[in-house]
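# Here is the input, now give the coordinates:
(2 chains)
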Amino acid sequence: MAAKTDSLPLTEPRSAFTRASLSDRLIIALAIICTFIAFSPFGYAALTSLKSEWKDGSIIPFLQFEPNLLNWQQEFGSGGAETMKALRNSTLISLGATVVATTLGTLAGYGLARFKYGIGNRNLVSWFLSQRFLPPVATLIPFVLMFRDLKLLDTLPGMVIVNATFTLPFAVLIMRDYFADLPPEMREAALVDGAGEFTTFWRIALPLARPALVASTLICFAFAWNEFLFASVLANRDWKPYPMLVAGSDTVRGIDFGFVTTRMLIAVTVPVILSLMVQRFIVRGLTFGAVKG
Amino acid sequence: MTAKEKRSDGTLKNNRAKYLFLMPGVIWILAFTLFPLIYSFGLSMTNYRLGRNPKYIGFENYAEILGIGDEKVDKKAVSTASFSAFLFIGSTAATLIFGTFVAWVFNHNLPFLRQMRAIVTMPLFAAPIALGWLGVVIFNEQSGPINNVLEGLGLGRVNWFIEPMPARLAVMFTDVWQWTPFVFIVVLAAMQSVPDDLYESAQLDTKSNWVLFRWITFPMIAPALGTVMLLRMVESLKIIDIPYSLTRGGPGSVTQTYVYYAYEKGLVGSFQLGEAAALAYLLVIVSIVVSSIYFYRVRERFE
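The predicted model follows:
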């Protein structure tokens, strides 16, 4: 619309010109307001996290090395160990869950895109996705007992299992959609050439599906990173992930806003950046494939 | 593909391969979703508490919650369920309205909208537990920006964490703030698939944005809205992280969601796992109903 307005000849009636640009300006203004509402709480948190650094210095590092390097070094020494451990835990748990979910999801996604199954592919897809519809407490309660008996409480494998389970639907869906969009002739040509099903998948389909593989990896990682509920029960000591630290921010030292906002920002940064990179796939992932982004 | 499957030689190989692709995922779901769900149902038929021997009590837990027979209805289950219903309706409706409006704004071909769009989606990807904390800072009664703005506008301060209704709204607003971008991206995708010539021919008759929206955009995005509404409903039933960090369910338990109650019952304090499993199972039934409607609606997509 802006382009059209610009290209209008100068002889065009002035009223039409102003009306068009006026409504454009209104739209831009509305868009700015929306953006402001979405962003301002983060911005406010960022400011808060910087402010109290000068006030009492009780803050975790990461964001403040610009204004005051001394403080940063100090905090890294005193409060940093707990933070670093939780971040390490979160990273390992999310990585493990991502590897498992993406591997299983890629295989299942390829199968669902390329073959017909007796039970009906539609039923199988629904079955894979149904996990996302369940209230997490319903599986959390039995998980406590299962993990207790299997000695998986507060362990890396336990947390990987939990997170892989609930990110698997995203992986299945994203990979299935992508494989389904690849031309089937490729597979058939490879099969005719004598390649087995698995070779065809590995050599032909998988390399082509690299964008979806990246998307699936990042989305699984981001969602595993955000998981709190299961962790709060199943990993509350050695394998405490970062969201647990965020959740417990008040018990540590009352509500110190600078402290809380810094932790919050650290927790939020990783998934937000990852997700912004793969927006197109997020729509599919989050709508369980109902809408193609 | 069918031609290939008919070859006597290829059939067997093909069949075996196709199950090999699917098997690992299927086994995983059986072990970590279906089995826990069955386990949970078994648990819900017992009076199990951590550290005690479970005893089979049939549907007694359910009777206790629902107030069937001699039992009194579990008042806290009802009050937490009503807060969940509040979010189910309020949060779903608000995200749909705001999300559609934001999508309409961003469905214009203007400079910078693409960049702004990325920023607008940010809340969606943040950990809800962290956003609850963000809410603590933003809604703070003394120094929070919301109260400062309200006071600046002459509307006075709101006791967000002390009074029941404001506390409920604080939880809802935080959830709406997080999920509006979700509706936004989906609806925007739907709006962008509306063919331009529909608008072009309609613009001959009207200049009103509202008329265009009501009679062209809206009917075209209605299916996507229906889908998104169902997904939002399911998600709203699962809300726990935000009240957990924002209000701790308070004041009293007015901002405790039903899931939060089940969580507290089974996994905090006295660990009444049997009863908690029954509470959770009742919600599973609701989720199954909503998700069945969802899968029925989108069935062609997954063929």
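# pLDDT score assigned to the spatially most central residue of chain B?
In chain B, the centroid-proximal residue (Cα atoms, centre = their mean) is B:E235; its distance is 1.1 Å. pLDDT for B:E235: 89.
# And for B:A63?
For B:A63, the model assigns a pLDDT of 85.
# check contacts around the residue nearest to the centre of chain B.
By Cβ atoms under 8 Å, 6 or more residues apart in numbering or on different chains, the contact set of B:E235 is B:W179. In this view, the C-beta of every residue, glycine as well, is placed from N, C-alpha and C.
# what do you get for A:F36?
Applying Cβ under 8 Å, 6+ apart, no residues qualify as near A:F36.
# In the stretch 151-293 of chain A, where is pLDDT below threshold?
A:249-256, A:258, A:280, A:283-293 (pLDDT under 70).
# Quick check: closest non-adjacent residue to B:Y263.
In space, and not counting its chain neighbours, B:Y263 is closest to A:V137: 5.3 Å by Cβ to Cβ, 6 or more residues apart in numbering or on different chains.
# what about whichever strand or helix holds that neighbour, distance to the chain center?
Per DSSP states H and E: A:V137 is located in helix A:136-150. Relative to its chain's centre, helix A:136-150 lies at 24 Å (Cα atoms, centre = their mean, to the nearest Å).
# ditto for stretch B:84-104
11 Å.
# what comes into contact with that stretch?
Taking Cβ under 8 Å, 6+ apart as the rule, stretch B:84-104 contacts A:34, B:120, B:168, B:171-172, B:175-176, B:179-184, B:186-188, B:190-191, B:213, B:217, B:221, B:225, B:228-229, B:232-233, B:236-237, B:239, B:257-259.
# what helices or strands is the helix holding A:V137 leaning on?
Judged by 3 or more Cβ pairs under 8 Å, 6 or more residues apart in numbering or on different chains; DSSP states H and E, the packing partners of helix A:136-150 are helix A:156-181, helix A:229-234, helix B:35-44, helix B:258-267, helix B:273-297.
# so the residue nearest to the centre of chain B is in which element?
helix B:218-237.
# Buried ones in that helix, by neighbour count?
For helix B:218-237, burial by neighbour count (16 or more other Cβ atoms under 10 Å in any protein chain shown) applies to B:221, B:224-225, B:227-237.
# CA atoms of that helix as CSV?
Provided in CSV are the C-alpha atoms of helix B:218-237 (Å, rounded to 0.1, in the frame of the first residue of the first chain):
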residue,chain,number,x,y,z
PHE,B,218,-13.6,-13.3,8.8
PRO,B,219,-15.3,-16.1,6.9
MET,B,220,-12.0,-17.0,5.3
ILE,B,221,-10.1,-17.3,8.6
ALA,B,222,-13.0,-18.9,10.6
PRO,B,223,-11.7,-22.5,10.2
ALA,B,224,-8.3,-21.4,11.5
LEU,B,225,-9.9,-19.6,14.4
GLY,B,226,-11.9,-22.7,15.3
THR,B,227,-8.7,-24.8,15.4
VAL,B,228,-6.9,-22.2,17.4
MET,B,229,-9.7,-21.9,19.8
LEU,B,230,-9.7,-25.6,20.5
LEU,B,231,-5.9,-25.6,21.0
ARG,B,232,-6.2,-22.6,23.4
MET,B,233,-8.9,-24.4,25.3
VAL,B,234,-6.6,-27.4,25.8
GLU,B,235,-3.7,-25.3,26.8
SER,B,236,-5.7,-23.2,29.2
LEU,B,237,-6.7,-26.3,31.1
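# Could you pull out the helices in the stretch 1-150 of chain A for me?
For the stretch 1-150 of chain A, helices defined by DSSP state H, counting those that start in this stretch occupy the ranges A:2-7, A:14-55, A:69-78, A:80-114, A:121-129, A:136-150.
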